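K.L.:
below are the sequence and a predicted model for it; my questions follow.
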Amino acid sequence: MTIVGTLPNIAVGEVLECVGEWEMSEFGRQLRVATFVPYTPVSAKGLARYLGSGIIKGIGPRTAERIVAQFGEQTLAVIELEPDRLMEVKGISPAKRAAIVAGWEAQHEVRKIMLFLQEHQVTPSLAAKIYQQYGQDSLNVIHENPYQLEHDITGVGFKTADAIAVELGLPHDSLPRIMTGIKHTLGEASNDGHCYLPREECVTRAATLLAVATELVPPALAELARARRQPAASAEADGETAPGTARREVIVEEDRVYLAPFFFSEVGIARRVHQTHRAASALPPIPSAAWGQLLLDAELAGGSAVPLAPRQRDAVRMAYEEKIAILTGGPGTGKTTTIRALVHLLERHGISYALAAPTGRAARRMTEATQRPASTLHRLLEFIPSTNQFQRNEQRPLPIAFMIVDEVSMIDLVLMYNLLKALPPTTHLLLVGDADQLPSVGPGNVLHDLLASEVVPHVALTELFRQAAASRIIVTAHGVRDGVMPDIIPAPESDFFFMPADSPERVAALIQQLVLERLPRRYGFDPVRDIQVLAPMYKGAAGVQSLNEQLQRRLLLHRTAGTAPAADSEVAAGARTLHIGDKVMQLRNDYDKGVFNGDMGLVASIDVHTSVVVVEFGEGTFRQSVSYEPHELEALTLAYAISIHRAQGSEYPAVIVPLVMQHAILLQRNLLYTALTRARRLCVLVGEQRALYRAVQNDAVTQRYTTLTQRLRLDTTQANTIS
């Protein structure tokens, strides 16, 4: 029979007792394993296979055969109880005997940990992650503070850690549990973009999460607001708290409850904006009379037959003369041309500068557009994942006089704070973005708040240039932004289409036809490399998860001509199976591997013996091959379909967007606008016309709890802060 699932640390020759559920796949009946118990073999043949599998360091196949030939069915008892007798076997020295004993003890400890965790309702896959993180300290960590798992292990949420804690006997209404629940509640709110929660809402949410009486939460909140945590020795001061001093994890200001990093980030951004405005400039002044010729030279250097528009000229001059400035505009309005003109001006005057964007994909686009090197902000600021710290800060600022950052709508509160900390007060900063796109995935709404404060000078580019005005994609996007329904009458040579389908299932079926047959045949698009499906939601028949499963299956059959894939072309990755040729996305920044959250690639090879997967990211000069060990595969997800939020900062040759009323809760104008502006050559909307109408008419923007605008309007330079 075939069993699938995460079964860590098993070896050839073992007998497994498995509990799971039968399921059918296109390749037959298989058991999806939920839990399992391994049993060591008892026969001589089984013992030789088991010991020779490599599960015990120091024993290979030949050594295993000699040991079993010497001790027979008593082999394991000898290794555990009489290890000195191993030297009776030819070729085993005292040093090798010690290595075998150490390997056996380590393997025995792993088994003990795995069995303990499964007995306490921990799945095998999670047990493997726990052991990977803590090793032989796993049981000690879990007993001392099971909530540590949430902080240290990707994929472990509060509910999982809480279930383990309750299973181990932590009282349901204990103060530590409620305090942890409050922090989790604030963390969940930050995942929704909030920087804080109103006190009453925080109390209600925490009580609901923990299933405790509401009156138990305020005392725990008060204790959290008093408690101070000593930062790790490696942690640098954030500029708001003296180095080496303990600081609070939760800040209560009036009726607002913050996690401390978000409070200090809001206060810090406002302070540094005002400090930068007041500081001297690092740039040489340019007389007013010289600007005309300088801008003309910039136009000629850019190689454009079209001169800079008046507002583009205003933007270049504003960026040079103001310490912090904002340039906004939709697609086709000339933001890139303006940046190129500014870069030419800086280079002509010998002014040091840096170009950066929030993501690797956005940075690559900036590099291609300007023909100058651009970096991710994390790399520019020298982020160290192991310490979660940026090495560039107020003590070690960036050695530049000018900073240009693109795709600013994607920058969250904490990243903006760390950027400002790393810039000398004399450095100029130009923030470039599209104010009508979705806000950042992380907490805050930085670009919106900066614009709303009216503290930072701003130029908005609104004129569509001739080439852009010929694109129905761009014209439609600007119309959607203004609440105008798209023209859905098909035009043969258009780059924008609406294809009606009256149910999520029909939408999904039509999308599969478009990806596999119609668009490749009509336009020559590669169904994997060129076509990207962008969905508003993850769930439902036309959601990201279902579309990925369907597209993976159909494309796999297409690649294998309808036959079952070879065993050496696939690998289990949790509940998923990855195949050679699959389109995948990286889910988090990995600076050791040089891949970042949102990077897309193709599975290039799979080692059937080690389950190591090699993914090829990027194209041309940006191409790189990255290896993933089995325990690292959770950092990858299928990417035939992704959420519109995840597509920010990227462009694709062809974009397909499902629109169904099943996703009504998220059908908003800025979401559709963002999806449209991701398409470079073709955009196809597939779905219900009433869903399209709802998205265009719904200009409600989900409100985020943030006070950055108010803090910016007040000069906070001399304000006292809570530390």
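P.N.:
That came through, no problem.

K.L.:
from Ala102, how far off is Glu88?
P.N.:
Counting by CB to CB, to the nearest Å, the gap from Glu88 to Ala102 is 19 Å. (Glycine included, C-beta is placed from N, CA and C.)

K.L.:
contacts only, for the closest residue to Gly360 other than its chain neighbours.
P.N.:
Spatial nearest neighbour of Gly360, chain neighbours left out: Phe596 (4.2 Å); criterion: CB to CB, 6 or more residues apart in numbering. With contact taken as CB atoms under 8 Å, 6 or more residues apart in numbering, Phe596 is in contact with Thr359, Gly360, Thr376, His378, Gln586, Asn589, Asp590.

K.L.:
contacting residues for the residue nearest to the third one when sequence neighbours are not counted?
P.N.:
Counting by CB to CB, 6+ apart, Thr376 lies nearest to Ala363, which is 5.0 Å off, once chain neighbours are set aside. Residues in contact with Ala363 (CB under 8 Å, 6+ apart) are Leu355, Ala356, Ala357, Ala374, Ser375, Thr376.

K.L.:
just the buried residues of the contacts of Phe596.
P.N.:
Buried members of the contacts of Phe596, counted by 16 or more other CB atoms under 10 Å: Thr359, Gly360, Thr376, His378, Gln586, Asn589, Asp590.

K.L.:
which one of those residues is nearest Gly687?
P.N.:
Using CB to CB, Thr359 is the member of those that lies nearest Gly687, at 27.9 Å.

K.L.:
for the closest one, phi and psi?
P.N.:
Note on Thr359: backbone dihedrals following degrees, to the nearest 10 are phi -120, psi 160.

K.L.:
where's it relative to His579, distance?
P.N.:
Taking CB to CB as the measure, Thr359 falls 26 Å from His579.

K.L.:
thought Gln437 was touching Gly649?
P.N.:
No. Contact criterion CB atoms under 8 Å: Gln437 and Gly649 do not qualify, at 9.3 Å.

K.L.:
now stretch 376-385: buried residues?
P.N.:
If you call a residue buried by 16+ other CB under 10 Å, then stretch 376-385 has these buried ones: Thr376, Leu377, His378, Leu380, Leu381, Phe383.

K.L.:
now these in CSV, with distance to Cys202, secondary structure and pLDDT?
P.N.:
Shown next, in CSV, are the buried residues of stretch 376-385 (distance: CB to CB, whole Å; DSSP: H, G, I helix; E, B strand; the rest coil; pLDDT from 0 to 100):
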residue, distance to Cys202, secondary structure, pLDDT
Thr376, 33, strand, 90
Leu377, 30, helix, 93
His378, 30, helix, 91
Leu380, 35, helix, 94
Leu381, 31, coil, 94
Phe383, 30, strand, 89
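
K.L.:
average pLDDT for the helix or strand containing Arg49?
P.N.:
Assigned by DSSP states H and E, Arg49 belongs to helix 44-51. Across helix 44-51, pLDDT averages out at 78.

K.L.:
need the CA coordinates for the very next helix or strand once past that helix. PDB is fine.
P.N.:
Next helix or strand after helix 44-51 toward the C-terminus (DSSP H and E): helix 61-71. The C-alpha coordinates for helix 61-71 follow below in PDB (Å, rounded to 0.1, in the frame of the first residue of the first chain):
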ATOM      1  CA  PRO A  61      25.600  -1.500   5.400                       C
ATOM      2  CA  ARG A  62      28.700  -3.700   5.700                       C
ATOM      3  CA  THR A  63      29.300  -2.900   9.400                       C
ATOM      4  CA  ALA A  64      25.700  -3.600  10.100                       C
ATOM      5  CA  GLU A  65      25.900  -7.000   8.400                       C
ATOM      6  CA  ARG A  66      29.000  -7.900  10.500                       C
ATOM      7  CA  ILE A  67      27.400  -6.800  13.800                       C
ATOM      8  CA  VAL A  68      24.200  -8.700  13.100                       C
ATOM      9  CA  ALA A  69      26.200 -11.800  12.000                       C
ATOM     10  CA  GLN A  70      28.000 -11.600  15.400                       C
ATOM     11  CA  PHE A  71      25.000 -11.000  17.700                       C
END
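
K.L.:
what helices or strands is helix 61-71 leaning on?
P.N.:
The contact analysis (3 or more CB pairs under 8 Å, 6 or more residues apart in numbering; DSSP states H and E) places helix 61-71 against helix 44-51, helix 75-81.

K.L.:
gap between the lengthiest helix in the chain and the chain center?
P.N.:
Criterion DSSP state H: the longest helix present in the chain is helix 94-119. With CA atoms, centre = their mean, to the nearest Å as the basis, helix 94-119 stands 35 Å off its chain's centre.
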